[in-house]
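>>> what follows is a predicted structure for the sequence shown.
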Amino acid sequence: QPQLVESGGGLVQPGGSLRLSCATSGFTLDYYAIGWFRQAPGKEREGVICISSDDDITHYTDSVKGRFTISRDNAKNTVYLQMNSLKQEDTAVYYCAAEWAMCVTMSRFEYWGQGTPVTVSA
């Protein structure tokens with residue numbers, strides 16, 4: 001049974017940093033793309049960033065370019081989202097999701113985690 005579990009969310013001040021983790025199990029991470037998505041209060045879920053099985057990076061939104069980075073450690077079955085220079089508009093529940101090989105549109109991601117909340121506030 002494929003599972004993804006996010007962790008690392010919390011409260012951070014504007015300009016601060018957080019690192020989210022997506023721990024995976026039940027499938028071979030090496031062959032999967034992992035995407036990070038977020039849903040802000042009252043808004044639809046949106047794509048943030050994705051890493052393919054070949055380590056190609058896709059940014060789903062320009063708003064995080066230069067601030068968020070994604071990386072994977074297949075040996076630890078974990079994907080990370082490093083978030084720097086956080087802004088209040090980054091406040092959301094962050095989800096990771098898995099899909100075979102390539103970064104695709106959000107609706108095509110097959111396996112999803114339960115999410116971890118991130119609040120950026122002074």
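Looks like it came in fine. Residues are numbered from 1 along each chain as shown.

>>> those helices in the protein, which residues are they?
Counting by DSSP state H, the chain forms no helices at all.

>>> for S71, which non-adjacent residue is spatially closest?
Spatial nearest neighbour of S71, chain neighbours left out: Y80 (5.0 Å); criterion: CB to CB, 6 or more residues apart in numbering. In this view, the C-beta of every residue, glycine as well, is placed from N, C-alpha and C.

>>> do D90 as well
D90 sits nearest to V120 (CB to CB, 6+ apart), 5.2 Å away.

>>> test my guess that the one you found contacts N84.
No: counting by CB atoms under 8 Å, V120 stays clear of N84, with 11.7 Å between them.

>>> out of these two, which sits in the busier spot?
More crowded of V120 and N84, by other CB atoms under 10 Å: V120, with 19 against 14.

>>> OK, contacts around that one?
Counting by CB atoms under 8 Å, 6 or more residues apart in numbering, V120 touches 12-14, 16, 86-91.

>>> same thing but 6 Å
By CB atoms under 6 Å, 6 or more residues apart in numbering, the contact set of V120 is 12, 14, 86, 88, 90-91.

>>> ok, back up a step: intersection of neighbour lists for V120 and N84?
Common neighbours of V120 and N84 (CB under 6 Å, 6+ apart) do not exist.

>>> what about G9, how many neighbours?
Number of residues near G9 (other CB under 10 Å) recorded here: 18.

>>> just give the closest residue to it, not the sequence neighbours.
Leaving out its chain neighbours, the residue that sits closest to G9 by CB to CB, 6+ apart is T116, at 3.4 Å.

>>> nice, that's everything, thank you.
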